[in-house]
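A.B. asks: Test case, fold it:
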Amino acid sequence: MRATTQSRATKRDAYRVVWGPQRFYLSIGWKTLIAFALVVVIPMTGLMLITGNTLRSTMEVETLRALEANLRGSWRVYHERTDSVRASLLQSAATPSVKGAMANRDHDALTATLEQHAALLPFTDIWLALDDKQLTLGRRNGPLGQKVFLNNLLTRAYTFLEPVTSTELLPNQLFLEENPLKYSSLDVQVMVQVVVVPVQRNGDLLGALVGLILLNDDDWLPNAIHDYLSIDAALFGSVIQESRIISASARPNNIWAAGLLAPPVLRDHIRTGGVFRGKIVLNDIPIYVISEPIENAEGLPIGALSIGVKSSNIDSLLASNTRNIYLFMAIGVVLSIVIAFLAYRDTMTPMRAIIGAMDEFARGRLGVRTEILTKDEFEELGAGFNRMAEAIQDHQERVESFNSLSSLLITSLKPRDLMQSVLDKVIELTRSQSGLIYLREERAEGDLLIPYVAHAVDVERMQTVRFGEGLPGEAAMKKRALAVTDIPEDCRLNVNFGFAELLPREVSIFPIVYRDSTLGVMVLGTLNQFRRNELSLLEYMTNQIAVVLENALTHEKVERLSITDALTGAYNRGYLSQRLEEAFADAVRYNNPLSVLVIDIDHFKRINDRFGHQTGDEALIAVSRCLKEKLRETDRLGRYGGEEFVVVLPHTGLTDALTTAEKLRAAVADVRCPGLGDEQITISIGVAGYPDGEIDSVDALVRKADQALYEAKNSGRNRVVSAA
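C.D. replies: Have a look, this model is predicted:
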C-alpha cells in the first residue's frame with residue numbers, strides 16, 4: 001500500500017516545478033526575444049548589411065547596367081551586316097545597267113552583278129534578283145524562274161516601293177537550292193536577316209534585289225560582339241530561336257553552345273517577346289543575362305538577342321568579406337550558446353512537465369493535472385491545461401452519452417418509428433419528463449406543424465400549430481432554438497402525464513432544419529434543469545436528426561410513389577394485384593373470407609365530354625378521396641384504369657362487403673365537385689366474395705365482381721350488385 005502511495009507521489013512530482021522566492025519575473029516573450037537576438041538576429045543582420053544590402057546588390061545593379069550598355073552595342077553589330085547589304089543593293093538598284101538587265105530579263109547580267117556583291121560581302125548567303133511577279137531572274141546558284149516566298153517582305157517592298165530590312169523565319173528550301181551540301185543540316189525553319197531593295201525605272205516597278213544572311217550556326221555575329229565590345233571573357237552574343245541557341249560565340253570560356261535549350265524563365269520571355277534582365281543558371285553556371293526580342297516585319301517575336309556574364313566575376317569581390325562575416329558570426333554563436341543554455345533550462349523543465357501530463361492525458365488518464373509555479377507564462381499554461389483537461393473530461397462524458405443517440409439514427413427508415421426512438425432517447429439523455437416532435441406540413445393557406453410523436457403526452461390530444469404561432473411556430477420560422485426557464489408557478493403550461501398534471505421547470509424547443517428548410521420541431525420539458533452545455537449538444541444533434549429524417553421521409557415518399565397512382569393517390573394496378581394475390585393466398589390457406597369490390601364512375605365519359613378532362617380528373621380525385629375516408633385501414637383501394645377502382649376487403653364476407661359497398665355508394669353520391677356545378681357523381685359497384693364454389697383463383701374472383709358491375713350498369717347504375 002505504501003509503495004503504491006509513493007509511486008503516485010513520485011508521479012505527481014514529475015509534473016511539479018516550483019522556483020524559489022528569490023526568482024524575479026521574466027516573461028517567456030523577453031527570454032525568447034533575447035535568445036533570438038543573440039543567436040539569429042545579430043549575425044544575420046550583419047551578414048545582410050555587409051553582403052546583401054551593400055555589396056551584392058550594388059554589384060548586381062552595376063553588372064546589369066554594364067550589360068545594358070553592351071546590349072545597345074550588340075544591336076549595332078547585329079544590324080551592321082544588313083546595313084552593308086542594304087547600301088550595296090541600293091547602289092546597284094540605281095544603276096542603269098541593272099535596271100536594263102532587269103527590264104530585259106538578262107539572267108547572265110543579273111547573275112554577274114550578284115557575283116560582284118557576293119565577293120564584296122561574303123557573309124551574305126544568298127543573292128537574288130526577282131521580277132515584279134516575284135520570279136527568280138538571277139542568282140549565283142540554284143534554278144531560275146521559280147517564285148520566291150519571303151513572307152510578306154516582297155509584297156511590302158513592291159507596294160511601297162521602298163527597301164525593307166527584317167529578320168524572318170523562312171523555310172530552308174532556298175538554302176538547299178543554293179548549296180544542298182553546305183545547308184543539308186539546317187532545320188526546316190531557319191532565322192534569316194533579309195534585305196529587299198525594289199528596282200524601278202521611270203516610276204515603274206521592274207523587280208527587286210534581295211540579300212539573305214543565315215543566322216543559324218553562324219558564329220560571326222556573337223564573335224563580333226565579343227571582339228568589338230571588349231567585354232570580359234564571359235561576355236557573349238547569341239540569337240535564340242524557338243527557345244534554343246542557334247548561334248553562339250566560339251571564343252574561349254564561352255558559356256553558351258549552339259543547340260542548348262534556354263532555361264524556362266528565359267524561355268518564357270523569349271516566346272512572349274518580353275525583355276529579360278536577371279540571373280539564370282546555364283549548364284550549372286550562374287550568369288547574369290539581358291535578353292531582348294527579335295521581331296519580324298509583322299512585329300511578332302521570333303527569337304532574342306542575349307548577352308551575359310558569369311556571376312563568378314562579382315563573387316570574387318565578395319570573398320574578401322567572408323572572413324569578417326564568419327568572425328562576427330562566431331562571436332555571436334558563442335554568446336548565443338550561453339544564453340541559449342540558460343533559456344533552454346528555463347523553458348524545457350516546465351515544458352517537459354506539461355508535455356508529460358499531456359501524454360498521460362492522451363493515453364486516456366483524463367484525471368491527470370499539472371502543478372506549475374514558475375512566475376511566468378508556463379504557470380498560466382499549466383493552469384490552462386488543467387482547465388482544458390477538466391472541460392474535455394466533462395465533454396467526453398457528455399459525448400459518450402450522446403453517441404448512443406447517434407446509433408439510433410441508422411436503425412430504421414420509417415420516419416415515425418425513427419422519430420419515436422430518437423425522442424425517447426433524447427428524453428433519457430437529458431433526464432427530461434416529456435417531449436413532442438412536430439412535422440411540417442405545407443398547405444396552400446399556410447404551413448402547419450402537425451404533432452407526430454410524443455413522450456409522456458397524448459399525441460392525439462396535441463393541437464396543430466401554425467408557422468410563427470407560439471414557441472414551436474416561432475422556432476420553426478426563425479430556425480433557431482428557444483428556451484424557457486424560470487417558469488412561474490401560476491403559468492398554465494401544465495403537462496398531463498396521464499396520472500397528474502405537472503408544471504415543467506424548463507422547456508426547450510429545437511427546430512429540425514435540413515438545407516435551410518424546416519422539417520419539424522422538437523419540444524422538451526423537464527421538471528428539473530437542463531445541464532450545462534446540454535442544449536448546445538442537443539442543437540448539434542438536431543442537425544444530424546434532420547439529415548436522417550429527410551432521408552427517411554424521402555424514402556417513404558419514393559416508396560409511396562412507386563405503388564400509388566399519381567393522380568388519385570390510390571394504389572396502382574400492379575401493387576393492388578400483388579396485395580390481392582397475397583390476400584387470396586391467405587384466404588385459401590386459412591379459410592378466411594375475402595371480398596372484392598369493382599367500382600365504376602357512372603357516365604364518366606359524359607363528364608369529360610361536357611366539362612372537360614381537367615374537371616374529369618377532379619372528379620376522379622374527389623371519388624378516390626371519399627372512398628379512402630370510408631374504408632378501414634386494412635382495406636386496399638386501387639385504381640385499375642380510367643374511371644374504374646377496385647377495393648380489396650380482407651377477412652370480409654360477402655354480406656359485410658355488400659354493406660360496405662352500399663356505404664361507399666351513398667358517400668360518393670353526396671360528393672360535390674366544384675367543376676360539375678349541380679351535376680351529381682354516382683358509382684356502380686360489383687361485389688364478389690370468397691369462399692365461393694365457382695372461384696378458384698384471383699382472376700375468377702375479379703371476373704365475378706366485374707360481371708356484377710356489368711349487371712349494375714345494365715340495371716340502371718348508381719347501385720350495388722352482388723355476384724351471388
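
A.B. asks: C-alpha from now on. contacts and neighbour counts both.
C.D. replies: OK.

A.B. asks: Show me the shaky parts of the stretch 51-200 of the chain.
C.D. replies: 51-56 (pLDDT under 70).

A.B. asks: how about the strands of the stretch 351-500 of the chain, start to end?
C.D. replies: Here the stretch 351-500 of the chain has its strands, by DSSP state E, counting those that start in this stretch, at 371-373, 434-441, 448-455, 465-466, 482-484, 495-496.

A.B. asks: what packs against the second one?
C.D. replies: Right, strand 434-441. On a contact count with 3 or more C-alpha pairs under 8 Å, 6 or more residues apart in numbering; DSSP states H and E, strand 434-441 meets helix 415-430, strand 448-455, strand 517-526.

A.B. asks: Make TSV out of the strands of the stretch 351-500 of the chain and add mean neighbour count, mean pLDDT and distance to I512.
C.D. replies: What follows is the strands of the stretch 351-500 of the chain, written out as TSV (neighbours: other C-alpha atoms under 10 Å; pLDDT from 0 to 100; distance: least, C-alpha to C-alpha, whole Å):
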stretch	mean neighbour count	mean pLDDT	distance to I512
strand 371-373	20	84	45
strand 434-441	22	89	9
strand 448-455	22	88	12
strand 465-466	18	88	15
strand 482-484	15	83	12
strand 495-496	16	58	23
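
A.B. asks: Ok, which of those comes nearest G693?
C.D. replies: Closest of these to G693 is strand 448-455, at 46.9 Å (criterion: C-alpha to C-alpha).

A.B. asks: and that closest one, how far from the chain's centre?
C.D. replies: Taking C-alpha atoms, centre = their mean, to the nearest Å, one finds strand 448-455 lying 40 Å from the centre of the chain it belongs to.

A.B. asks: What lies in contact with that strand?
C.D. replies: With contacts defined as C-alpha atoms under 8 Å, 6 or more residues apart in numbering, strand 448-455 is touched by 416, 419-420, 423-424, 427, 433-442, 459-460, 462-467, 473, 520-521.

A.B. asks: Same question for stretch 274-292.
C.D. replies: 63-64, 67-68, 71, 255-256, 262-263, 265-266, 269-270, 273, 293, 304-312.

A.B. asks: who wins for proximity to Q529 among the strands of the stretch 351-500 of the chain?
C.D. replies: strand 482-484 (10.7 Å).

A.B. asks: packing partners for the closest one?
C.D. replies: Looks like strand 482-484 contacts strand 506-514 (3+ C-alpha pairs under 8 Å, 6+ apart).

A.B. asks: quick revisit: any chance of the helices and strands packed on strand 434-441 in JSON lines, plus distance to K478?
C.D. replies: What follows is these, written out as JSON lines (distance: least, C-alpha to C-alpha, whole Å):
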{"stretch": "helix 415-430", "distance to K478": "22"}
{"stretch": "strand 448-455", "distance to K478": "14"}
{"stretch": "strand 517-526", "distance to K478": "9"}
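
A.B. asks: Can you say which of these is nearest to V148?
C.D. replies: Taking those one by one with C-alpha to C-alpha, strand 517-526 is closest: 75.6 Å.
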